[in-house]
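Chemist: here's a sequence, model it:
(3 chains)
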Amino acid sequence: MPINRDRLVGSALKLAPRLLGAVLTSEVGGLPVSARITEVEAYEGEDDPASHAFRGRTPRTAVMFGPPGHLYCYFTYGMHWCANIVCGTDGTAAAVLLRGGEIVAGLDTARDRRATARNDSELGKGPARLAAALGLGALTNGVDLCSPLSPVRLEHLPSRRPRGVAAGPRIGITRAVELPWRFWFEGDPTVSRPARSG
DNA sequence: AGGACGATTAACT
DNA sequence: GTTAATCGTCCTC
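Modeler: Below you'll find the predicted structure:
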């Protein structure tokens, strides 16, 4: 059973660390794959200069402005897809980028989709890698994560903020670069990068 | 209509 | 550590 939608409503900054340890299950293409989320980033919307929603609603960002509990998938660098969980109330843009995950079911399918991975820790290590392992992309943009009928569902959201969580600046952005809005399980091999040294 | 740039990754030296 | 790959989106003429 997917989790209740009410548990995904609020600011991305508050939700992001609580998503660590949650399990996302995909059945795209009839092939089930599940990932335990190990790394995330918060994007707050129109007040966050680093957010896709900063310049307002566009066709691309429409899902971010829609109801919470849905998947926002976007295409970047001409070749990669990444996935977010929308958490703002309808009309408010806020979302949590999924940056890392441990594949806990459907390993054979994930290995097929991520043929360049040298070990299982790399299957979902990084936002585009995780999306690829789960089969997320154009066809899953906007899907409801809280419906039992959905091809992608969020399960097992921990009821309390987990232990062993580190925080630091978000990766790959050029604005609001210092805000410590990335959260990850310290020492987990499926996290894309360790904390910035220095 | 044109162009710069990206919430990245893999393959190099 | 550096750089090519590759194209949709959005800003600026």
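
Chemist: can you classify the residue of chain A found nearest DNA strand B by secondary structure?
Modeler: Residue of chain A nearest DNA strand B, by C-beta to the nearest atom of the strand: A:Gly172 (1.7 Å). To be clear about C-beta, it is placed using only N, CA and C from the backbone, and glycine gets the same treatment. At A:Gly172, secondary structure determined by DSSP: H, G, I helix; E, B strand; the rest coil is coil.

Chemist: what does chain A have sitting close to DNA strand B?
Modeler: Within chain A, the positions near DNA strand B by C-beta under 7 Å from any atom of the strand are A:41, A:43, A:50-53, A:64, A:72, A:76-80, A:82, A:84, A:95, A:97, A:114, A:116-117, A:122, A:126-130, A:170-174, A:192.

Chemist: for ChimeraX, what selects the buried ones among these?
Modeler: Burial among those is assessed by 16 or more other C-beta atoms under 10 Å; the matching ChimeraX selection reads:
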select /A:41,43,50,51,52,53,64,72,82,84,95,97,114,117,122,126,127,128,129,130,170,171,173,192
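
Chemist: near DNA strand C, which of the residues of chain A next to DNA strand B show up?
Modeler: A:His52, A:Tyr77, A:Gly78, A:Met79.

Chemist: what ranges in chain A fall below the confidence cut-off?
Modeler: A:196-198 (pLDDT under 70).

Chemist: ranges for the helices of it?
Modeler: Assignment of helices within chain A using DSSP state H yields the ranges A:12-18, A:62-65, A:107-113, A:127-134.

Chemist: so which of the ones you listed comes closest to A:Gly101?
Modeler: With C-beta to C-beta as the criterion, A:Gly101 lies closest to helix A:127-134 of the helices of chain A, at 4.8 Å.

Chemist: what sits against A:Arg188?
Modeler: Check again: residue A:188 is Asp, not Arg. Neighbour list for A:Asp188: A:Thr38, A:Glu39, A:Gly100, A:Glu102 [criterion: C-beta atoms under 8 Å, 6 or more residues apart in numbering].

Chemist: re the thing from before, reformat the ones next to DNA strand C among the residues of chain A next to DNA strand B as CSV; add distance to A:Ser147.
Modeler: Rendered in CSV, the data for those read as follows (distance: C-beta to C-beta, whole Å):
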residue, distance to A:Ser147
A:His52, 24
A:Tyr77, 31
A:Gly78, 32
A:Met79, 30
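
Chemist: A:Arg129 and A:Thr61, how far apart?
Modeler: Distance, A:Arg129 to A:Thr61, by C-beta to C-beta, to the nearest Å: 23 Å.

Chemist: tally of neighbours for A:Val63?
Modeler: 21 (other C-beta atoms under 10 Å).
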